[in-house]
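Peer 1: Turn this into a model:
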Amino acid sequence: MKISDFVDPSGIKLEIAAQDKDGVLRELVALAAETGKINDELAILKAVRERENLCSTGFENGAAIPHPRQGHPDVVKELVAVFARSSEGIDFEALDEKPVHLFFLLCAPTDSEHLRALAKLSRFLKKEAVRKRLLEAKTPDDILAAIKEEEV
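Peer 2: Numbers count the residues shown, from 1 in each chain. Sure, this is the predicted structure:
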């Protein structure tokens, strides 16, 4: 499984409009819905909010991976991740209590796909070089190139 296989090229937003955590969730889920890979935007939004209520998916170094707690075969057609960035950073209740700049929303039809993809993305975003390239990317193609080149 490669990250570049499930990050949808049409689901990349270089500057998110949202200014708060719930706005980020709404915008990311809408972006995922636009890919056509989920068929119930409200169900995914509810699932993502429920997961965030348990514990923030924002971790250290300005990155977050919002996601439902498990796979959703009834509403997710295929494994998909969408990406958005905030140059200002958003309070996402991250573990290090710093603003988050990089967001990947992850949705999967099965628990096994969900866990494998989440582990891959988590390890990927721990690399400083990855985060730097994603922050400096000028176009969606730059984002995709960074993912493909850095996911070795």
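Peer 1: Pull out the buried positions in the strand ranked longest in the chain.
Peer 2: Ranked by residue count under DSSP state E, the longest strand found in the chain is strand 80-90. By neighbour count, and taking 16 or more other Cβ atoms under 10 Å as the criterion, the buried residues in strand 80-90 are 80-86, 90. The way it works is simple: take the backbone N, C-alpha and C, and place the C-beta from them, glycine included.
Peer 1: Also stretch 11-19?
Peer 2: Judged by neighbour count (16+ other Cβ under 10 Å), stretch 11-19 contains these buried residues: 11-13, 16, 18.
Peer 1: Flag the shaky bits of the protein, pLDDT-wise.
Peer 2: The model of the chain has pLDDT under 70 over residues 152.
Peer 1: my guess is Arg131 meets Val100, correct?
Peer 2: No. Between Arg131 and Val100 there is no contact under Cβ atoms under 8 Å: 11.0 Å.
Peer 1: Which parts of this protein are helices?
Peer 2: 3-6, 21-34, 41-54, 111-125, 128-136, 140-150 (DSSP state H).
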